[in-house]
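**Student:** give me coordinates for this.
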Amino acid sequence: MRHNYNNTRRRLYLPEYGRHIHEMVDHLLTIEDRDERNRQARAVIAVMGNLQPLLRDTADFTHKLWDHLFIMSDFQLDVDSPYPRPSRDELQMTPRKLLYSQERIQFKHYGKYVAHFFDKLRTEPNPEVQSVAVERMARYMRSKSFEYNQEHPNNEVIIKDIKIMTKGDIAVDEDAINNLRNDYKQHLSARPQKGAARPAQKQSGKPGQAKQHNNNSKNRTSTQQRKK
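**Tutor:** Next up, the predicted model:
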């Protein structure tokens with residue numbers, strides 16, 4: 001007895017219609033009479049529509065059924081369709097490949113746009129504009145470095161990084177950068193260091209214990225008065 005497993009059968013192009021609908025489409029390919037093939041194709045379309053009754057009221061429902069019929073036949077079925085016959089290229093359009101940037105970021109804590117900014121700034125002919133832009137960018141670099149490393153950066157490191165990114169083509173006013181006001185904003189809450197002494201907590205008895213102590217004091221006082 002020969003077993004007919006699904007892995008030995010042909011591929012289902014639209015699995016939602018099932019194996020039987022695909023076998024009906026395969027039978028249409030074997031019909032030589034064109035009129036009979038057209039009649040059988042319309043019958044298969046009716047069966048396909050019965051499988052999805054909720055979509056019958058949509059405007060392009062019948063158009064989709066005919067497109068699915070051609071897809072299940074692997075675009076080999078030759079019948080008279082009331083709609084334009086789809087092609088394989090139209091339904092299997094591949095999206096345009098996106099080219100990802102492979103640019104190496106030299107200073108990741110500043111970001112790549114800082115280096116791009118200095119590349120554009122090198123072409124600026126006005127030295128005053130360059131000086132103001134370098135001063136503002138130095139302030140930004142210090143804030144980004146603090147956010148990344150959670151510590152105050154050294155101005156010498158900022159000046160050195162600016163010279164590297166500008167390739168020495170822009171004059172850097174080191175005194176102005178050293179005199180910049182700190183605009184650091186600590187985003188994370190300060191955490192206590194390991195081994196730090198915790199504040200002493202006041203030791204207080206439980207309310208039940210205090211109440212019992214008061215009752216014992218009253219009992220001793222009443223006992224002494226009776227003895228007298």
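
**Student:** cross-check the contact I'm expecting between F61 and L51.
**Tutor:** No: using C-beta atoms under 8 Å, F61 is not in contact with L51; the gap is 11.9 Å. In short, each C-beta sits where N, CA and C put it, glycine included.

**Student:** same question for the helix or strand containing R42, mean pLDDT?
**Tutor:** Element membership of R42, judged by DSSP states H and E, is helix 34-50. The pLDDT scores in helix 34-50 average 92.

**Student:** and what of stretch 9-22?
**Tutor:** 87.

**Student:** end to end, how far does that stretch reach?
**Tutor:** 11 Å (C-alpha to C-alpha, to the nearest Å).

**Student:** and for stretch 73-83, what's in contact with it?
**Tutor:** 13, 25-26, 28-29, 34, 37-38, 41, 62-63, 66-67, 69-70, 86-88 (C-beta atoms under 8 Å, 6 or more residues apart in numbering).

**Student:** could I have the PyMOL command that selects the buried members from those?
**Tutor:** Applied in PyMOL, the following selects the buried portion of the contacts of stretch 73-83 according to 16 or more other C-beta atoms under 10 Å:
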select buried, resi 25+28+37+38+41+66+67+69+70+86
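
**Student:** shaky segments in the chain?
**Tutor:** For the chain, applying pLDDT under 70 flags the ranges 1-2, 57, 180-228.

**Student:** and the helices in the protein?
**Tutor:** Taking DSSP state H, the helices of the chain run over residues 18-30, 34-50, 61-72, 88-91, 112-121, 127-149, 155-166, 174-178, 207-227.

**Student:** please work out which of these is packed deepest.
**Tutor:** helix 61-72 (a mean of 18; mean count of other C-beta atoms under 10 Å).

**Student:** can I get stretch 160-177 as CSV, trimmed to CA atoms?
**Tutor:** Output in CSV follows, covering the C-alpha atoms of stretch 160-177 (Å, rounded to 0.1, in the frame of the first residue of the first chain):
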residue,chain,number,x,y,z
LYS,A,160,41.9,67.0,22.2
ASP,A,161,38.8,65.3,20.7
ILE,A,162,37.8,68.5,18.9
LYS,A,163,41.3,68.8,17.4
ILE,A,164,41.1,65.2,16.2
MET,A,165,37.7,65.6,14.6
THR,A,166,38.6,69.0,13.0
LYS,A,167,42.0,67.6,11.8
GLY,A,168,43.7,70.8,13.0
ASP,A,169,41.9,72.9,10.4
ILE,A,170,40.0,75.0,12.9
ALA,A,171,41.5,77.2,15.6
VAL,A,172,40.3,76.2,19.1
ASP,A,173,40.2,78.8,21.9
GLU,A,174,41.2,76.6,24.8
ASP,A,175,40.7,79.4,27.4
ALA,A,176,37.1,79.9,26.3
ILE,A,177,36.4,76.2,26.6
